[in-house]
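Participant: Got a predicted model here, sequence first, then my questions.
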Amino acid sequence: MNASLCTDPFGAGSSSEAVPADAVRLTGDLGDGPLRVVLLGTAAGPYPAPGRQGAATAVVVGDRVYLVDAGYGALRKYAQAGLALRDLGGVFVTHLHSDHVADLFNLLLLGWGPANRGVDHQVRIVGPGPDPRDSSAGTAGLVEHGLSAFGQDIGVRTRTSPRTHLAKLVQAEDVSVESTPTPVYEDDRIRVLAAAVPHPPLHLALGFRIETEHGAVAFSGDTARSRVVAELAASADILVHEVMDPTYYRDLGYSPELLDFLAASHTSPQEVGQVAAEAGVECVALSHIGPPDPRAVTDDDWERPVRAGFRGRIVVGHDLTRILPTRS
Ligand SMILES: [Zn+2]
């Protein structure tokens, strides 16, 4: 299938040109289909770059929305995608690097309450637990500290408007899994499996597989090339995979040590193609793209090395790219 059919960030025809700057057009209606994936933010790394914002993806199952990661800009992109926080079913955090969680608490703090279709129900947040090496906070700790840090605001808003205290609406859960896909969440719409992927020096980074009755969507999280991702994504409809172009960073003058570090914790486009083929997925979507600036590496230059190893559908992600599984 021609990848351009599914790379238009606004779902309005083909787009082979890189998006030159931050997307600002509203998408509103996401279209039909019982299972939709919206790449809200597609940038790698914490430093704000033009053209792409922080890592976040929405998996929309009917009228329920699930988020995987909430990097900077996630809340804004969520709104731009026409999604309502009232429909947020859960959040799955791959790991606790800032480029994946910078907007996690903002999502709740700024999108809380019955006004403006905000969060008015309990939302589960599932992610890695504390680092045992230094006892730094895990996912539950991150949320707990956020509730404390913004206690004045939350208290005032609870007293002056008809809403439930935010602490009662958030249920954050730490998970600890190894490299075997393990169920970590289930509700009436989805079942989620997680497995540890190699993203050193973090003690735990997760990949996810979200299963629905309309298809399965897998997420590599941040990872070096890994058979664990291929296992999580086995025969999935869509694999959202991180990607980093080592050539770009080499040409930028990175030291051999730094290049080795990047290679040990991220995946090249050639390797993404190999993992997608090994998994036998229908579609692989590149997200968490490094370098994030679309002018630095063109869509064609991202796609070509992936295509060398994978014959299926390839989506070069941009913020607000919408992907529908072929069979849905
Ligand atoms: Zn990252």
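Facilitator: Nice, I can see it.
Participant: Now R157: which helix or strand?
Facilitator: helix 151-160 (DSSP states H and E).
Participant: no, scratch that, I was asking about Y185
Facilitator: Once you assign secondary structure using DSSP H and E, Y185 falls within strand 182-186.
Participant: Now do that strand: distance to the chain's middle.
Facilitator: 18 Å (Cα atoms, centre = their mean, to the nearest Å).
Participant: Pull out the buried positions in the helix holding R157.
Facilitator: Within helix 151-160, the residues that count as buried by 16 or more other Cβ atoms under 10 Å are 154, 157-158. To be clear about C-beta, it is placed using only N, CA and C from the backbone, and glycine gets the same treatment.
Participant: re the thing from before, could I get the average pLDDT for the strand holding Y185?
Facilitator: In this model, strand 182-186 carries a mean pLDDT of 98.
Participant: Tell me which other helices or strands that strand touches.
Facilitator: strand 123-128, strand 191-197 (3 or more Cβ pairs under 8 Å, 6 or more residues apart in numbering; DSSP states H and E).
Participant: which one of those strands lies closest to G280?
Facilitator: With Cβ to Cβ, the closest approach to G280 among the helices and strands packed on strand 182-186 belongs to strand 191-197: 16.8 Å.
Participant: Adjacent strands (with direction) for the closest one?
Facilitator: Here strand 191-197 is paired, per DSSP bridges, with strand 182-186 (antiparallel), strand 205-212 (antiparallel).
Participant: Return the set of buried residues in the helix or strand following the helix holding R157.
Facilitator: For helix 151-160, the following helix or strand on the C-terminal side (DSSP H and E) is helix 166-169. Going by neighbour count (16+ other Cβ under 10 Å), the buried part of helix 166-169 is 166, 169.
Participant: which strands and helices sit next to helix 166-169?
Facilitator: If contacts are counted by 3+ Cβ pairs under 8 Å, 6+ apart, helix 166-169 sits against helix 104-110, helix 151-160.
Participant: Make TSV out of the ones you listed and add mean pLDDT.
Facilitator: Shown next, in TSV, are these (pLDDT from 0 to 100):
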stretch	mean pLDDT
helix 104-110	94
helix 151-160	95
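Participant: interface residues of the protein facing the ion?
Facilitator: Neighbours of the ion within the chain, by Cβ under 5 Å from the ion: 97, 99, 222.
Participant: wait, isn't the second one in contact with A56?
Facilitator: By that I understand D99. No - here D99 does not reach A56: they are 9.8 Å apart, not a contact under Cβ atoms under 8 Å.
Participant: Now the common contact residues for those two.
Facilitator: Here D99 and A56 share the contacting residues G71, scored by Cβ atoms under 8 Å, 6 or more residues apart in numbering.
Participant: Which one's more surrounded, the two?
Facilitator: Ranked by neighbour count (other Cβ atoms under 10 Å), D99 and A56 place A56 first, with 34 against 24.
Participant: Report the contact partners of that one.
Facilitator: Under the criterion of Cβ under 8 Å, 6+ apart, the contact list for A56 reads 40-41, 67-71, 73-74, 77-78, 103.
Participant: quick one: the residue nearest to P325 when sequence neighbours are not counted and P269, what's the gap?
Facilitator: Counting by Cβ to Cβ, 6 or more residues apart in numbering, the nearest residue to P325 once its immediate chain neighbours are dropped is D237, at 3.8 Å. With the distance defined as Cβ to Cβ, to the nearest Å, D237 ends up 21 Å from P269.
Participant: Those two: which has the busier surroundings?
Facilitator: P269 (27 against 23).
Participant: can you tell me how far the residue nearest to the more buried one when sequence neighbours are not counted sits from A263?
Facilitator: Using Cβ to Cβ, 6+ apart and skipping the chain neighbours, the partner closest in space to P269 is P305 (4.0 Å). To A263, P305 is 15 Å away according to Cβ to Cβ.
Participant: again with H121
Facilitator: 43 Å.
Participant: So between those two, which is more surrounded?
Facilitator: Counted by other Cβ under 10 Å, H121 and A263 do not tie: A263 has more neighbours, with 16 against 12.
Participant: what does whichever strand or helix holds the more buried one contact?
Facilitator: Under the criterion of DSSP H and E, A263 resides in helix 256-265. Helix 256-265 has contacts (Cβ under 8 Å, 6+ apart) with 198-200, 222-224, 244, 246, 249-250, 254.
Participant: surely D237 meets C283?
Facilitator: Yes - at 6.6 Å, D237 counts as touching C283 under the criterion of Cβ under 8 Å.
Participant: Where does the closest residue to the ion within the stretch 51-200 of the chain sit: helix, strand or coil?
Facilitator: Nearest residue of the stretch 51-200 of the chain to the ion: D99, at 4.4 Å (Cβ to the ion). Secondary structure for D99, judged by DSSP: H, G, I helix; E, B strand; the rest coil, is helix.
Participant: List the contacts of it.
Facilitator: 43-46, 54-55, 71-72.
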